[in-house]
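let me see the structure of the following:
(one chain, ligands or ions: 1)
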Amino acid sequence: MDLNEQNREQWVSRVGFILAAAGSAIGLGNIWRFPYITGTGGGAVFLIVYLLAIFFIGYPIMVTEMTIGRKTQRNPIGAFKALAPNSPWWLVGALGVLSGFVILSYYSVVGGWSLAYIFKAIGGSFVTGTAFDELFIGQISATWGPIIWHFVFMAITIGIISAGVVKGIQKSVQILMPILFILLFVLVVRSLTLPGASKGVAFYLRPDFSLLTWRSVLNAVAQSFFTLSLGMGAMLTYGSYLSQKENIPDSALSVVGLDTLVAVLAGFAIFPAVFAFGFDPGAGAGLTFITLPAVFAEMPLGAFFGFLFFLLLSIAAVTSAISLLEVVVAYAVDELKMTRVSASIIIGLIVFVVGIPSSLGYSVLSDITFLGMDLLDTYDWISNCVFLPLGGLLTCIFAGYVWGSRNTAEEANKGEGSFKVGDFYSILLKVIVPIAIFIVMIFGILETLNAHFEWGLPFF
Ligand code: PHE
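Next up, the predicted model:
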């Protein structure tokens, strides 16, 4: 195990760090969310805006977060305290820890569905095309089943995090990430070789600019945050286990590149298959859990490919969930002086309990809604439309103006690397990124309120 002078664990290799950060980034966001928002957002045009957002907004924030982490070698709260002592900036870190907690609580519920589907696929349930109903609606098992799977998912996450940064996180991603890439490759080949696949490819790649709406631009920017695990200190925490020798601009570029590759490939695994069997690509959040099982039910050897797909989704979800738990555990270990094992178990169990209502929102608690959303969507909305953009905005302002963009860039560029950040990065950090995030956040919130209260605001 490598330790630095503060007895803090460090990644054993550069590749280990990149895989861990890519594992955090690549998750349900890439395979579940990205395809469905691309499907509803107009396909190819959405993809173009998304790529711009990833490189001009996501990338600079990722560099910034990793840099603050590496510089301070601390959890998000400790990091802001170290760089700006006796000031309220630590609250930005606290917001991050809170976001990690909330996101993990419902992320684990969806991760649990994915685990359950692995077994449903093997058991042949997809043949009926009603897997979601069987799991979630109108039965006692619909209440307990998903909660048990949520528990299993959290138990796996706790197991990995309690083993530590090197023996837990790094070791698991070194095994799981290559499997993820292989599974994805197999599924893309299967999907593209189905008769009728080309209609799906055309939808995905031929831009129709008339489909570009203000709303899809907002969705693209918001998605770039979630998919890169930004705005809540996950990349900051992973950066805190990085040695001063490693170059951040290079590593962040690899992480962003891998995340984007997986999202784009997930589209190639899903759209051609959905079109080949005549389903609707714009089905929304149910695309993965309702439409795809129906697609697998029609496909030759569908049980096998369904199994592979949900295994892929589960692996992606686990390698992201561990980064969410790590943020909270790092805080408990650094600041509350808890041991890693007890922090992982205690926090993991609390997260499990907090997540239960979002699971029950599909059965006994389905009457409870907030702004017209069920409980899981509410958790998702608060974290993605409020917490993450706010965290990202404040992190940029902090790095750009309080710590100073020059200090941040200088610190980021330490270590050997072919790529350095410079003046353009400073401009992005100080002006462009904060303005873009601010607009997205305000309009995102207004849009939801406008739709719910029927204010009839122009423009939406
Ligand atoms: N990036 C993960 C995904 O795409 C989600 C995530 C968000 C993980 C924030 C950590 C922090 O699924």
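
can you tell me which residues in the stretch 101-250 of the chain are near the ligand?
Neighbours of the ligand within the stretch 101-250 of the chain, by C-beta under 6 Å from any ligand atom: 103, 226, 227, 229, 232, 234. Quick note: C-beta positions are derived from backbone N, CA and C, even for glycine.

was I right to think the third one contacts residue 32?
No. Counting by C-beta atoms under 8 Å, residue 32 is not a contact partner of residue 227; they are 10.8 Å apart.

which of the two has more neighbours?
Between residue 227 and residue 32, residue 227 has the larger neighbour count (other C-beta atoms under 10 Å), namely 26 against 23.

quick one: residues contacting the more buried one.
The contact partners of residue 227, taken as C-beta atoms under 8 Å, 6 or more residues apart in numbering, are 25, 27, 29, 30, 33, 34, 54, 58, 259, 263.

rerun at 6 Å
29, 30, 259 (C-beta atoms under 6 Å, 6 or more residues apart in numbering).

for this protein, which segments are assigned as strands?
2-3, 9-10 (DSSP state E).

which elements pack onto the last one?
Think strand 9-10. Of the remaining helices and strands, none touches strand 9-10 by 3 or more C-beta pairs under 6 Å, 6 or more residues apart in numbering; DSSP states H and E.

residues near the closest residue to the ligand within the stretch 101-250 of the chain, how many?
Of the stretch 101-250 of the chain, the residue with the smallest distance to the ligand, taken as C-beta to the nearest ligand atom, is residue 229 at 3.5 Å. Using other C-beta under 10 Å, residue 229 is surrounded by 32 other residues.

before we move on, what about residue 401?
Every residue meeting other C-beta under 10 Å relative to residue 401 is counted, giving 12.

low-confidence bits of the stretch 151-300 of the chain, can you list those?
Residue ranges of the stretch 151-300 of the chain with pLDDT under 70: 284-285.

pull the contacting residues for residue 376.
Here residue 376 is in contact with 106, 358, 361 (criterion: C-beta under 6 Å, 6+ apart).

try it again with 8 Å
106, 109, 110, 358, 359, 361, 362.

and residue 106, by the same measure?
Neighbouring residues of residue 106 by C-beta under 8 Å, 6+ apart: 355, 358, 376, 379, 380.

so how far is residue 153 from it?
Taking C-beta to C-beta, to the nearest Å as the measure, residue 106 falls 11 Å from residue 153.

with residue 69 instead?
For residue 69, the distance to residue 153 equals 26 Å [C-beta to C-beta].

over to residue 282?
28 Å.

okay, these two: which has more neighbours?
residue 153 (27 against 17).

my guess is the more buried one contacts residue 324. True?
No. Using C-beta under 8 Å, residue 153 makes no contact with residue 324, being 11.8 Å away.

any chance you could map the helices in the stretch 51-200 of the chain?
In the stretch 51-200 of the chain, helices defined by DSSP state H, counting those that start in this stretch lie at 59-72, 76-83, 90-122, 131-136, 140-162, 171-192, 197-205, listed in chain order.

can you say which of the ones you listed is packed in most?
Mean neighbour count (mean count of other C-beta atoms under 10 Å) peaks for helix 59-72 among these, with a mean of 26.

next, the angle from that helix to helix 76-83.
On the basis of axes from the mean of the first three to the mean of the last three C-alpha atoms, to 10 degrees, helix 59-72 is oriented at 70 degrees to helix 76-83.

and helix 59-72, is it in reach of the ligand?
No. Helix 59-72 does not reach the ligand (C-beta under 6 Å from any ligand atom); its nearest approach is 10.6 Å.

distance from that helix to the middle of the chain?
In terms of C-alpha atoms, centre = their mean, to the nearest Å, the gap separating the centre of helix 59-72 from the centre of its chain is 17 Å.

by contact count, what packs against it?
Under the contact definition 3 or more C-beta pairs under 8 Å, 6 or more residues apart in numbering; DSSP states H and E, helix 59-72 sits against helix 76-83, helix 234-239, helix 248-276, helix 388-397, helix 405-412.

pick the most deeply packed of those helices.
Among those, helix 234-239 has the highest mean neighbour count (mean count of other C-beta under 10 Å), at a mean of 30.

how about that one as PDB, C-alpha atoms only?
Output in PDB follows, covering the C-alpha atoms of helix 234-239 (Å, rounded to 0.1, in the frame of the first residue of the first chain):
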ATOM      1  CA  ALA A 234     -16.300  12.700  -6.000                       C
ATOM      2  CA  MET A 235     -13.500  13.700  -8.300                       C
ATOM      3  CA  LEU A 236     -12.100  15.900  -5.500                       C
ATOM      4  CA  THR A 237     -12.000  12.900  -3.200                       C
ATOM      5  CA  TYR A 238     -10.400  10.600  -5.800                       C
ATOM      6  CA  GLY A 239      -7.900  13.400  -6.600                       C
END
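
mind starting the numbering at 351 from now?
Noted, 351 is the first residue going forward, which turns the last one into helix 584-589.

for the contacts of residue 577, which one is nearest the ligand?
Nearest to the ligand among the contacts of residue 577, counting by C-beta to the nearest ligand atom, is residue 379 at 2.3 Å.

check whether that closest one really touches residue 574, as I assumed.
No. Counting by C-beta under 8 Å, residue 379 does not reach residue 574; the two are 9.8 Å apart.

can stretch 613-629 be said to contact the ligand?
No. Shown here: stretch 613-629 not in contact with the ligand (C-beta under 6 Å from any ligand atom), separated by at least 8.4 Å.

give me phi/psi at residue 806?
Dihedral pair for residue 806: phi 70, psi 30, per degrees, to the nearest 10.

that one and the ligand, how far apart?
Look at residue 806 and the ligand: by C-beta to the nearest ligand atom, to the nearest Å, they are 34 Å apart.

residue 406: neighbour count?
Counted with other C-beta under 10 Å, residue 406 comes out at 16.

quick one: contacts for the residue lying closest to it once chain neighbours are set aside?
Excluding the flanking residues, the one nearest residue 406 by C-beta to C-beta, 6 or more residues apart in numbering is residue 778, at 6.5 Å. Residues near residue 778 by C-beta under 8 Å, 6+ apart: 406, 407, 410.
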